[in-house]
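In: attaching a predicted model along with its sequence, questions to come.
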Amino acid sequence: MNHRINMLLGAAVGGALLCVPAQAAEQAWQHALTAYVVGSAINGTAGIGDLDAEVDMSFGDIIDNFDGGIMLAYRGERGPWSFTVDLAYLGLKGNEKGLGPLGRTRVDIEADQLLLTVNMGYALNEQWSAYWGARYWDLDADLSVQVGDRVRKASASDSWIDPIVGLRYLAPLGGKWSALAMGDIGGFGVGSDFSWTATASAVYQFRPNVQLLIGYRHFDVDYEDGNGADRFKWDVWEGGPALGLAWQF
């Protein structure tokens, strides 16, 4: 699986780089490195084998059960072309309790999630650019469902790659402010059945080479693979307020 992942990511990046024309290659690169956090809530269904559980974790739940995380993005621009790498890792735990028709219920979930996005873009005009690439998902999940006195547990891990296509919009708002929005769709049955992301931010240039980003980020994925005990399902949306700091060099 890892060999296949490396081949697919390599093909996506290598093929995109081959598209850069000679005149763009003569121009200097401009770089930006962004560290950011997303106050994500998670809602949907996680399934392992024949065991399904509803996942409904607010931002507060994730903060209370935060195991660690890192979110970094790099963007390079040369002429109309751009290259982006975005890495997001989140470890979390959570539980829900309630009273159902069969008695006391409790759902515990522990998950480690890694998202790596690599894309190449081309400016269509001063505001709009199109991009294409791949997003790698890696998930490790443990589920425990208690109904009454009966407890069932299951663990699984899975990874896949979604090809993606998207649009990016950047325009000045006046003064030191600008608006940034981007969104893409992917999966198409190659990795997940379907996935999409959207980000909208207000950008403040408070130093010549430093920007503050304040906005919202949303991920949605519908993935299911395997049968019987090997079945894994991750049909969730994740989203919340985002805050980032970008260094330009």
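Out: Here it is on my side, so go on. Numbering: from 1, shown residues only.

In: in which helix or strand does the nearest residue to residue 56 once chain neighbours are set aside reside?
Out: Leaving aside its chain neighbours, residue 56 sits nearest to residue 43 (5.2 Å; criterion: Cβ to Cβ, 6 or more residues apart in numbering). (Glycine included, C-beta is placed from N, CA and C.) Using DSSP states H and E, residue 43 maps to strand 41-48.

In: neighbouring contacts of that strand?
Out: 52-59, 61-62, 92, 109, 111, 141, 143, 154-156, 224, 231-240 (Cβ atoms under 8 Å, 6 or more residues apart in numbering).

In: would you list the strands that it pairs with, along with their directions?
Out: Paired neighbours of strand 41-48 in the sheet (DSSP bridges): strand 51-57 (antiparallel), strand 232-248 (antiparallel).

In: go ahead and confirm residue 89 touches residue 38.
Out: No - using Cβ atoms under 8 Å, residue 89 is not in contact with residue 38; the gap is 11.6 Å.

In: joint contacts of those two?
Out: residue 71.

In: tell me which of those two has more neighbours.
Out: The neighbour count for residue 89 versus residue 38, taken as other Cβ atoms under 10 Å, is higher for residue 38 (24 against 15).

In: all helices for the chain, in order.
Out: Taking DSSP state H as the test, the helices found in the chain are 2-18, 22-25, 59-64.

In: what's the neighbour count on residue 39?
Out: Neighbourhood size, residue 39 [other Cβ under 10 Å]: 16.

In: for it, which non-adjacent residue is spatially closest?
Out: residue 240 (3.9 Å).

In: burial check on that neighbour, number of neighbours?
Out: Neighbours around residue 240, by other Cβ under 10 Å: 16.

In: I'd say it and residue 36 touch.
Out: No - with contact defined as Cβ under 8 Å, residue 240 and residue 36 do not form a contacting pair (11.8 Å).

In: so what's residue 128 up against?
Out: 167-169.

In: any of the residues you listed buried? List them.
Out: residue 168 (16 or more other Cβ atoms under 10 Å).

In: quick one: mean pLDDT over the top strand by length along the chain.
Out: Ranked by residue count and defined by DSSP state E, the top strand of the chain is strand 150-174. If you average the pLDDT over strand 150-174, you get 93.

In: gap between residue 57 and residue 109?
Out: Using Cβ to Cβ, to the nearest Å, residue 57 is found at 8 Å from residue 109.

In: spatially central residue in the protein, please.
Out: residue 115 (5.2 Å; Cα atoms, centre = their mean).
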